[in-house]
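1. Predicted model and sequence follow; I will ask about them next.
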Amino acid sequence: MGFNERVWQLTKRIPKGRVTTYRILAAKLRTKAYRAVGNALNKNPYSPRVPCHRIVRSDGGVGGFARGTRKKIEMLEKEGIKIKRNKIVSFEKILYKFN
DNA sequence: GCTTTGACTCTCG
DNA sequence: TCGAGAGCCAAAG
């Protein structure tokens, strides 16, 4: 199993209405390649099956999205997550840390 | 096969 | 508050 697949595996575990960060994902993979995590999600081939929109920046910012940041925000809000000026509201409340 | 780029993050000033 | 620099890894050129 390659690096990318491990990223996608973890991403699939994020519950609806929650988010996690690139940093946490990388930590779970025992690596500091935060950028590589983003790179993997960017070209995620399992689009609907892997909720890549639930990954955000460590500072609570929305980050990027293959089909536009706007789209990402829409999807998140549809799950009950509120976003203000590209920032997650109550970020720490809904942050999923894989316990 | 080396260089650049990127949905990143941390530390300094 | 903000930007530059460094660190890290995978993919594309």
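-> Here it is on my side, so go on.
2. Count the residues that sit near whatever residue of chain A ends up closest to DNA strand C.
-> When distances are taken as Cβ to the nearest atom of the strand, chain A approaches DNA strand C most closely through residue A:33, which lies 2.7 Å from it. Quick note: C-beta positions are derived from backbone N, CA and C, even for glycine. Counted with other Cβ atoms under 10 Å, the neighbours of residue A:33 add up to 14.
3. Please apply the same query to residue A:13.
-> Close neighbours of residue A:13, defined as other Cβ under 10 Å, add up to 12.
4. Isn't it up against residue A:98?
-> Yes - judged on Cβ atoms under 8 Å, residue A:13 makes contact with residue A:98 at a distance of 6.9 Å.
5. Ends of stretch A:57-77, what's the gap?
-> By Cα to Cα, to the nearest Å, the extent of stretch A:57-77 from end to end equals 16 Å.
6. near DNA strand C, which residues of chain A?
-> Near DNA strand C, the residues belonging to chain A are A:2, A:3, A:4, A:31, A:32, A:33, A:34, A:35, A:36, A:39, A:40, A:43 when assessed by Cβ under 7 Å from any atom of the strand.
7. middle-most residue in chain A, spatially?
-> Nearest to the geometric centre of chain A sits residue A:55, at 0.9 Å (Cα atoms, centre = their mean).
8. for that one, phi and psi?
-> In this entry, residue A:55 is assigned phi and psi values of phi -100, psi 120 (degrees, to the nearest 10).
9. and what of residue A:88?
-> phi -70, psi 130.
10. neighbours around it, how many?
-> Using other Cβ under 10 Å, residue A:88 has 24 other residues around it.
11. My read is that it contacts residue A:59, right?
-> No - between residue A:88 and residue A:59 there is no contact, the gap being 9.4 Å when judged by Cβ under 8 Å.
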